[in-house]
Each structure stands twice: as structure tokens, then as C-alpha cells.
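> Build me a model:
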Amino acid sequence: MFLSVVQSEWFKFRKSGMLPVLFVGPAIGLMIGLMTNITGMEADVNAWYLLLQFMILPYALLFLPLMTGVLAGLICRYEHQAGGWKQFLSLPVTRGSVFFTKYLLLIASVFIIQMLFLGAVYMAGVMKGIADPFPMMIIWKSVLGGWVATFPLVALQLWMSTVWKSFAAPFAVNVIFTLPSILAVNSEQFGPYYPWGQPFLMMYAGRASDSVFYVPWDQVLTVVGGSLLVFFAAGLVYFQRKEV
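Below you'll find the model as predicted:
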């Protein structure tokens, strides 16, 4: 039963026009990387590190959180059209499996976006002729950290996308809360607890750290893990009770 839901969602994913969306954020990151002039900046610092920092700033603060809203809206678009929810949920599938499958497909899509961003960083560095050693550990911690940080946002966006039929409504909410993250991440008191600022904080390699990510484990567990549980549980409960 679960496998049939996965196959159905994957088919709709391919037909929904979501695949080109996956390239938007990394493509913008690549352009920023190519336009960034790192010549003469801190000669004793690995040039890849400097390039990464410049590319992360707009990508993780704006485009990555916004992409979660776009993808969540697209993945629910078919069901909101012509009574799609009623037709889909009349099949021998559980609502929990439908919600969970959509969530898994979304976080898999974000993972692909992060891998494309990794490729964009490498491509930008090669095209700029960076000769320093490629800091694989730094890059991987940044990319995987940003991916994990989107888990709560994906759950929240999926929840809102099941509530509203309009694609614009959940996206507008996402924009409203994404823009203040530019200010929130600069606050030591508020920044670490702002969900839309977590992708930047988890990707920003500005501090030396021996942990898995660039933020303390307690922050990962309490902020990312806690908000994931709240948003996912709330979305699942709503979806279980949703009238179709």
C-alpha cells in the first residue's frame, strides 16, 4: 500500500513541473559565486571557504527557505484541483501514508537542491580558477546542515499547502516569515530559535566546530527537532481530520 502511494506521488511529481524548480536556487548561487570577487581577500584563508560564505548568504537566507514553500505548493496542486483530495483519499490508502509520502518526497527534493548547490560551489570555484585544496569536510557540513535545517520548514509548508487551495497563500506566508530572517540571524537571543533562519545558521561556516554541524547539538535537537515534531504532528493531525 505504501509503495503504491510512493509510486503515485512520484508520477505526479514528474508531471507537476517541479524538476526545473530544483535548479533555481543553485543556479542563482552559481551566478553569485561567479560575480563574487575574492581576489586579495584574506590571503591566508582558503579561497573555497570565502567563495562558500558569499554564496551561502543569499542562498540560505532567502532562496532555500522560499523553495520549500514552492515545492510544497506544487506537490499538493493536483489534489486541490477538481476534487482531487476526495478522489485520492477514496482509494485504499491511509491519510497518514499520503502525508508521510509527500513529506519524504519534499525532503528528498531539498536534498537534490543541496547537492546541486554543492555542484554550483565547485563549478564556480573551478571557473574562477581557485587553486586551493577543496575543503570537502567544510562543504559537506554546510550542505547537510542546511538540508537538516529545512525539515521543520518542509513540514510546516506541507501543512499549510494542505489547508489552502490557493498556491499563493502558503507561499505568501513563507515570504512574510523568510524576509525577517535577515535580521533575526543577527540576534543572539532570537536568531537561534527562528525556524526560517536555521538554514543559514546551519550552513554558515563562520565558526570552528568539531561537532557534526556548525551549531551546537542542543540547538539542533531543541530548535530543529522540536519544531519538526510540532509542525509535522500538527500537519498530520489536521490532515487526518481534513474534510474532503
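> Next, the buried residues of stretch 219-233.
When neighbours are counted by 16 or more other Cβ atoms under 10 Å, the buried residues of stretch 219-233 are found to be 219-220, 223-224, 227-228, 231-232. In short, each C-beta sits where N, CA and C put it, glycine included.
> ok, now stretch 45-58?
By neighbour count on 16+ other Cβ under 10 Å, the buried set for stretch 45-58 is 47-58.
> What's the mean pLDDT across that stretch?
The average pLDDT for stretch 45-58 rounds to 86.
> related to what we said a few turns ago, switch the buried residues of stretch 45-58 over to CSV; also include distance to Val148.
Output for these, formatted as CSV (distance: Cβ to Cβ, whole Å):
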residue, distance to Val148
Ala47, 27
Trp48, 22
Tyr49, 21
Leu50, 24
Leu51, 22
Leu52, 17
Gln53, 19
Phe54, 22
Met55, 19
Ile56, 15
Leu57, 19
Pro58, 20
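> In CSV, list the residues you listed along with distance to Thr39 and secondary structure.
Shown next, in CSV, are those (distance: Cβ to Cβ, whole Å; DSSP: H, G, I helix; E, B strand; the rest coil):
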residue, distance to Thr39, secondary structure
Ala47, 9, helix
Trp48, 14, helix
Tyr49, 15, helix
Leu50, 10, helix
Leu51, 11, helix
Leu52, 16, helix
Gln53, 15, helix
Phe54, 13, helix
Met55, 16, helix
Ile56, 19, helix
Leu57, 18, helix
Pro58, 20, helix
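> With that, I have no additional questions.
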